[in-house]
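Participant: need a 3D model of the following:
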Amino acid sequence: MNWIGRKIHLYNVTIGLYMLDWWERYLFNILMVCLFWYILRYLLGFFQSNLKTLFQDGNYLGRGST
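Facilitator: Have a look, this model is predicted:
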């Protein structure tokens, strides 16, 4: 078994997907991909807006702007 196959097997056993039917596994994986996509989009937007304001103010080292 190659490295990718071992990781897929570990994922199936850890999450408990090995006892589901093939269509249930696909549905679960699609839902997980959508969930991670929305979390990633939220985090990227959050960090982008906050880092932009920090760098524009010049207060990114914790010092007041002089």
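Participant: which helix in this structure runs the most residues?
Facilitator: As assigned by DSSP state H, the longest helix anywhere in the chain is helix 22-57.
Participant: give the residue spans of the protein that score low on pLDDT.
Facilitator: Counting by pLDDT under 70, the ranges of the chain that qualify are 54-66.
Participant: which elements pack onto the longest helix of the chain?
Facilitator: Using 3 or more CB pairs under 8 Å, 6 or more residues apart in numbering; DSSP states H and E, no helix or strand is in contact with helix 22-57. Yep, even glycine has a C-beta here, placed from its N, CA and C like the rest.
Participant: swap in 10 Å and give it another go.
Facilitator: helix 3-15 (3 or more CB pairs under 10 Å, 6 or more residues apart in numbering; DSSP states H and E).
Participant: ok, residues contacting the helix it packs on?
Facilitator: 1-2, 17-20, 25, 28-29, 32 (CB atoms under 10 Å, 6 or more residues apart in numbering).
Participant: buried residues in that helix?
Facilitator: For helix 3-15, the neighbour count (16 or more other CB atoms under 10 Å) marks no residue as buried.
Participant: dump it to CSV, keeping only the CA atoms.
Facilitator: Taking C-alpha atoms only, helix 3-15 is exported to CSV below (Å, rounded to 0.1, in the frame of the first residue of the first chain):
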residue,chain,number,x,y,z
TRP,A,3,1.6,6.5,1.2
ILE,A,4,-1.6,8.0,-0.2
GLY,A,5,-3.5,4.8,0.2
ARG,A,6,-2.4,4.5,3.9
LYS,A,7,-3.5,8.1,4.5
ILE,A,8,-7.0,7.5,3.0
HIS,A,9,-7.3,4.3,5.0
LEU,A,10,-6.3,6.2,8.2
TYR,A,11,-8.9,8.9,7.4
ASN,A,12,-11.7,6.3,6.8
VAL,A,13,-10.9,4.5,10.0
THR,A,14,-10.4,7.6,12.2
ILE,A,15,-13.6,9.3,11.1
